[in-house]
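Peer 1: here you go, sequence then predicted model.
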Amino acid sequence: MIVVARFSFPHEAHIAKASLEAAGIHSHLADEHTVNVQWLYSNAMGGVRLMVAKQQAEQARDILSCDFSQAVESQAVEDSHIFTGEADACPRCGSHDLLPYTKGKRPAFVVFLLLGFPLFFYRHGYRCKACDEFTEKL
């Protein structure tokens, strides 16, 4: 096995390892636990090393050098259209401009501060940007 990348922090190495495993490339992290225990040693040791088999090194470097931010942004745009379907409309004004919203978070936090333990009486739903109406289900 040879080193294809080095990372200062283990969480960065795990993200890269997951990318490689998604492509079917078996990889191994070296010095991960040492850096977790004493993160100041990371630079002295050369960081967390991501290692793959010699035959797959070039393919692994290609995958790690790819920028997938465009794919993530396009997925976020697709996910944002979930709330704008014809069936998803405010029951009060009929607007399709809805946002996910949790009602009652502030009072729950105040109760936690006063009593020292949480009372969960908040509700998840959607809030209309046009008329500020809260709806639990659509």
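Peer 2: In hand now; what should we look at? Predicted, not measured: the structure shown is a model, and the values here were computed from it.

Peer 1: next SSE downstream of the helix or strand bottoming out on mean pLDDT in the chain?
Peer 2: Within the chain, no helix or strand scores below helix 69-80, which has a mean of 57 by mean pLDDT, DSSP states H and E. Next in sequence after helix 69-80, counting helices and strands by DSSP states H and E, comes strand 98-103.

Peer 1: now do the domain split for the chain, please.
Peer 2: According to automatic domain parsing, the chain comprises the domains 2-66, 79-135.

Peer 1: let's have those domains in CSV, adding mean neighbour count.
Peer 2: C-beta: built from backbone N, CA, C; applies to glycine. Converted to CSV, the domains of the chain look like this (neighbours: other Cβ atoms under 10 Å):
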stretch, mean neighbour count
domain 2-66, 15
domain 79-135, 13
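
Peer 1: looking at those, which one has the lowest mean pLDDT?
Peer 2: Among the domains of the chain, domain 79-135 carries the lowest mean pLDDT, at a mean of 76.

Peer 1: how about the strands in this protein?
Peer 2: For the chain, the strands defined by DSSP state E occupy 2-7, 27-30, 48-52, 98-103, 123-128, 134-135.

Peer 1: out of these, nearest to Glu58?
Peer 2: strand 2-7 (8.9 Å; Cβ to Cβ).

Peer 1: and the closest one with strand 48-52, angle?
Peer 2: 150 degrees (axes from the mean of the first three to the mean of the last three Cα atoms, to 10 degrees).

Peer 1: use 114 as the first number from now on
Peer 2: All right, first residue 114 from here; so that's strand 115-120.

Peer 1: what packs against strand 115-120?
Peer 2: Here strand 115-120 touches helix 123-135, strand 161-165, helix 170-178, going by 3 or more Cβ pairs under 8 Å, 6 or more residues apart in numbering; DSSP states H and E.

Peer 1: understood, closing this out.
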